[in-house]
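In: model the following, please.
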Amino acid sequence: MVSLEAEENYWRVTIDDEGPGIREESGARYFNRFYSERPAEEKPAHSGLGLAIVKAICEYSGGVPALENRSEGGCRFTLRLKRA
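Out: All right, here's what the predicted structure looks like:
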């Protein structure tokens, strides 16, 4: 599910999935370049750059990215993007 909400000075984009969620002990490492917890033999190959690129773009625009587990399962990815 994807949603967009207006906050005082930000747009909040929320993306919820129903996957396995994230490992709590991995913390903010999910946003590090080349970090991935997927098996190396998984196809198609992955670079571990996706969330690092999203974080860089978000922060460059004055925003804040976040990733957390949902209580009902899966995870929630939130971007707070500064309104122009």
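In: give me the low-pLDDT residue ranges for the chain?
Out: Scanning the chain with the threshold set as pLDDT under 70 gives 27, 38-40.
In: quick one, strands of it?
Out: Defined through DSSP state E, the strands belonging to the chain, from first to last, are 2-6, 10-16, 64-69, 75-82.
In: indicate which one of those is closest to residue 43.
Out: Distance to residue 43, taken as C-beta to C-beta, is lowest for strand 75-82 among those, at 22.5 Å. Yep, even glycine has a C-beta here, placed from its N, CA and C like the rest.
In: what about the closest one, distance to the chain center?
Out: Here strand 75-82 shows a centroid-to-chain-centroid distance of 7 Å under the convention C-alpha atoms, centre = their mean, to the nearest Å.
In: same question for stretch 9-28.
Out: A distance of 5 Å separates the centroid of the chain from that of stretch 9-28, by C-alpha atoms, centre = their mean.
In: could you measure the residue sitting furthest away from the middle of the chain against residue 59, distance?
Out: In the chain, the residue that sits farthest from the middle, by C-alpha atoms, centre = their mean, is residue 41; the gap is 22.9 Å. Relative to residue 59, residue 41 is positioned 32 Å away (C-beta to C-beta, to the nearest Å).
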